[in-house]
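Peer 1: What follows is a predicted protein model with its sequence.
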2 protein chains.
Amino acid sequence: MNEREISSAVIKRLPRYYRYLGELLENDVVRISSKELSERMKVTASQIRQDLNNFGGFGQQGYGYNVEYLYNEIGKILGLSATHHMIIVGAGNLGQALANYDFSRIGFKVIGIFDINPRLEGLAVRGVEIQMLDALETFIKNHNIQVVTLTVPKKQARGIAKQLEEWGIRAIWNFAPTDLNLSDCVCVKNVHLDESLMTLSYNLRNRGKEKYSYKSYMED
Amino acid sequence: MNEREISSAVIKRLPRYYRYLGELLENDVVRISSKELSERMKVTASQIRQDLNNFGGFGQQGYGYNVEYLYNEIGKILGLSATHHMIIVGAGNLGQALANYDFSRIGFKVIGIFDINPRLEGLAVRGVEIQMLDALETFIKNHNIQVVTLTVPKKQARGIAKQLEEWGIRAIWNFAPTDLNLSDCVCVKNVHLDESLMTLSYNLRNRGKEKYSYKSYMED
């Protein structure tokens, strides 16, 4: 299996395949043709075949896809069988909301939450106590942390991210509304909520005007 | 100005231009060349020129871009000068966290929050009281609501979204981890947190292996 030339567009679609296959599994569907899958997912059957061919195919002529097998294989490609210990830096409303999520299903377990606000110190979210930022470096080293969810205000984000990089963090899930400008050694995945809402604003304003190509705007 | 054929890729980049120009404005920068802007934003200067030419250009040979003018024009294209009254359906951790955000800067004002949990009834978030779902239809009609932030569990999401469509909602900012399957009359912008984190998982797993094309994975 050669994964060297997979485009980021394909990678972004994999979690969606994984979600749909998970729903099929829950409904006890054993196999599915690329045509049926394409109708459910509203992408073309040829797109599905092309995407999955990047990883060696998985389909069988005349049979389609074995749902459980394909689900598990995509999970492996996404690396979901690993367990990453994750910390959340920034225990404001969003940080606490994320701490309440169960991301362990997809391989991420929150084992630490950090903030600078002394009023939050010791407060537990889902059984994990909020600690002060001055304990961060030691915690990262002692627990060999590689993944951080960053939910601090914009002004602090770049400085903290730079420190996290120096302390050996390899991946940042960034909710601060700024680019972090780190080296290529750190994977960054941004969730820019403002920008997401702005595209909805654009679509509301231009609705009707662009009816014919509307579908494309609806995709994430 | 012909906006009929703007691709969704361009639309997605506009909020990022808007953010960078906003930062330049804060730092009292009056004008900027496409070369400087491209270095800051880490996209090519020709990409910037192409993107902005979709809307008529804005640049001047030998001068570059007037930062304030371009910022305002992109704001207009994104429709940010409008004010949309928005409600949040689902007052769990994430719904409450979003209710605490100030999205009025980009034209969205939260004026209602709804849930089915009676223990939340009357609790105020940022001055807005949580109401029960049975008051939703009347509220939407009385306040002419067109935009909903949907933060309910996956199992309820499609049913509620269908109702919202029937009640005349035109845009849904969807955080439920499912596709809503509505008609083209409703704009949907999905924020699938699980899927975002899965791509980070993929990148962690494949880091090194794909060093040469790493940049592309780091983009949002």
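Peer 2: Structure received. Numbers count the residues shown, from 1 in each chain, chains lettered A, B, ... in the order given.

Peer 1: Please look at residue A:75 and residue A:17 and confirm they touch.
Peer 2: No - between residue A:75 and residue A:17 there is no contact under C-beta atoms under 8 Å: 10.2 Å. Just so you know, the C-beta spots here come from the backbone N, C-alpha and C atoms, and that holds for glycine as well.

Peer 1: List the contacts of the nearest residue to residue A:33 once chain neighbours are set aside.
Peer 2: Nearest residue to residue A:33, sequence neighbours excluded (C-beta to C-beta, 6 or more residues apart in numbering or on different chains): residue A:64, at 3.7 Å. Residues in contact with residue A:64, defined by C-beta atoms under 8 Å, 6 or more residues apart in numbering or on different chains, are A:31, A:32, A:33, A:34, A:36, A:37.

Peer 1: How about residue A:79?
Peer 2: A:107, B:201, B:202, B:204, B:205, B:206 are the contacts of residue A:79 under C-beta under 8 Å, 6+ apart.

Peer 1: May I have the secondary structure class of it?
Peer 2: coil (DSSP: H, G, I helix; E, B strand; the rest coil).

Peer 1: number of nearby residues for the closest residue to it other than its chain neighbours?
Peer 2: In space, and not counting its chain neighbours, residue A:79 is closest to residue B:205: 3.3 Å by C-beta to C-beta, 6+ apart. Per other C-beta atoms under 10 Å in any protein chain shown, the neighbour tally for residue B:205 reads 20.

Peer 1: quick one on the thing from earlier: just the closest of the contacts of residue A:64 to chain B, please.
Peer 2: For the contacts of residue A:64, the closest approach to chain B (C-beta to the nearest C-beta) belongs to residue A:37, at 13.3 Å.

Peer 1: give the contact list for that closest one.
Peer 2: By C-beta under 8 Å, 6+ apart, the contact list for residue A:37 reads A:20, A:45, A:48, A:64, A:65.

Peer 1: Which of these has the largest number of neighbours?
Peer 2: That'd be residue A:65 among these, by other C-beta under 10 Å, with 25 neighbours.

Peer 1: Let me know the pLDDT of the residue sitting furthest away from the middle of chain A.
Peer 2: Of all residues in chain A, residue A:62 has its C-alpha farthest from the mean position, at 33.8 Å, by C-alpha atoms, centre = their mean. In this model, residue A:62 is scored at 75, pLDDT.

Peer 1: just the one 3 residues further on next, same as before
Peer 2: In the prediction, the pLDDT value recorded for residue A:65 is 89.

Peer 1: hmm, back to that, just the ones of the contacts of residue A:64 in strands?
Peer 2: A:31, A:32 (DSSP state E).

Peer 1: Would you list the buried entries among the contacts of residue A:64?
Peer 2: A:31, A:32, A:34, A:37 (16 or more other C-beta atoms under 10 Å in any protein chain shown).
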